[in-house]
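1. Below are the sequence and a predicted model; questions follow.
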Amino acid sequence: MDKRCSMREAISASVKDGSSIVIDGFTHLICFAAGHEIIRQGVKDLTAIRLTPDLVYDQLIEAGAVKKLVFSWAGNPGVGSLHALRRRGEASSSERLELEEYSHFGLLSRFLAASAGLPFWPLSNYQGADIARVNPAIKTVRCPYTERELATVPALHPDVAIIHCQRADMEGNAQVWGLLGSQKEVAFAARKVIVVAEQVVPTEVIRKDPNRTLVPGIIVSHVVHEPWGCHPSFVQGFHDRDNDFYVKWEDISRKPETYRAWLEEFVYGVKDRQGYLAKLETGLLDKLRAKARVCEGVDYGY
């Protein structure tokens, strides 16, 4: 089945007011293009879920798209705070966000439970912290084997998971290499999956290297071909992280007026990702483009 469509079509079909969403990726493969399209379409009241929400979630928050944030850590990696989140996370804010916090493994465990078809996941890493005290979703159960009291977190089924990958076929079989986040667990936990790919290749290419297939097409709803969809994040083997952007973002996002001006120019002021890329500094993409470092192939035999 050919599931290819534009980013606009994928977001319009799957992300609705009130949806719960995950834009996944760990350090790299963070799909800013999807976040920007959600903003352009004016989606509201989202529950935004992510182990490590960074700039793209902050942009969704500043644009007024997010009602609730479910997370385990938040910040501008290596630089500082997320200022839209800070402004709306304070008790005095008239647009205050609902926040639900976990440890990294606690939130991952919610995806693990959902992906395994279980109602909850047991863990023991909340005994020395205050998170369980302030988060009523974290409960306890007594182990039937050891009589130990264990913490539990409930299964989490996002309405939509957005997974960026290096390559996929038109059926949605998605291949990833480099750092892995929680893409697999999130994809299997979600009700719908949008795969965004740097390259869309024939299925024969996918089958020649099956161990790199992280998300199978059988659970995928849409396939979007969007090269450079992760800028300023990076994509292993395709382009580097735009570190200068993250540093400059601290000043851009600190004041609401400069933040809004950036959104007006780079998100609302363009119709798609190509329009965004055209506004970037001349020569930047060439500077960030990865140089080849090819891994030796594997003979699977037959």
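-> Thanks, I have the structure now.
2. which residues touch residue 58?
-> 76, 82, 83, 84, 85, 253 (Cβ atoms under 8 Å, 6 or more residues apart in numbering). No exception for glycine: its C-beta is placed from N, CA and C like everyone else's.
3. Inside helices: which ones of those?
-> 83, 84, 85, 253 (DSSP state H).
4. Least confident secondary structure element in the chain?
-> Within the chain, confidence by mean pLDDT, DSSP states H and E is lowest for helix 131-134 among all helices and strands, at a mean of 92.
5. Would you indicate which residues of that helix are buried?
-> For helix 131-134, burial by neighbour count (16 or more other Cβ atoms under 10 Å) applies to residue 132.
6. Give me the contact list for that helix.
-> For helix 131-134, contacts defined as Cβ under 8 Å, 6+ apart pick out 101, 102, 103, 106, 126, 138, 151.
7. In three-state terms, label the fifth one for me.
-> Just to be clear, that refers to residue 126. coil (DSSP: H, G, I helix; E, B strand; the rest coil).
8. Find me the pLDDT at it, would you?
-> Note on residue 126: pLDDT of 84.
9. Which of the three states applies to the nearest residue to residue 23 once chain neighbours are set aside?
-> Among residues not flanking residue 23 along the chain, residue 162 sits closest, at 4.7 Å (Cβ to Cβ, 6 or more residues apart in numbering). With three-state DSSP as the basis, residue 162 sits in strand.
10. what number of residues lie near residue 162?
-> 34 (other Cβ atoms under 10 Å).
11. quick one: contacts for it?
-> 21, 22, 23, 24, 31, 34, 193, 194, 196.
12. what about the closest residue to the fifth one other than its chain neighbours, distance to residue 196?
-> Beyond its immediate neighbours in the sequence, the residue positioned closest to residue 31 (Cβ to Cβ, 6+ apart) is residue 164, lying 4.1 Å away. Residue 164 sits 5 Å away from residue 196 when distances are taken as Cβ to Cβ, to the nearest Å.
13. Now do the shared contacts for these two.
-> Shared contacts of residue 164 and residue 196, counting by Cβ under 8 Å, 6+ apart, come down to 31, 34, 226, 229.
14. which residues touch the third one?
-> Contact analysis of residue 226 by Cβ under 8 Å, 6+ apart lists 7, 31, 33, 164, 196, 197, 198, 273.
15. Pick the one among those residues closest to residue 216.
-> residue 197 (14.2 Å; Cβ to Cβ).
16. Please verify my assumption that that closest one contacts residue 172.
-> No - the criterion here is Cβ atoms under 8 Å, and residue 197 misses it with residue 172 at 9.1 Å.
17. need the next SSE after the least confident helix or strand of the chain, C-terminal direction.
-> Following helix 131-134 in sequence order, the next helix or strand is strand 139-142 (DSSP states H and E).
18. Now do that following strand, average pLDDT.
-> What strand 139-142 shows for mean pLDDT is 95.
19. Packing partners of that strand?
-> Counting contacts by 3 or more Cβ pairs under 8 Å, 6 or more residues apart in numbering; DSSP states H and E, strand 139-142 is packed against strand 120-123, strand 149-154.
20. Give the pairing partners of that strand; include direction for each.
-> Sheet pairing here is set by DSSP bridges, and for strand 139-142 it gives strand 149-154 (antiparallel).
21. buried ones in the partner strand?
-> Under 16+ other Cβ under 10 Å, the buried positions of strand 149-154 are 150, 151, 152, 153, 154.
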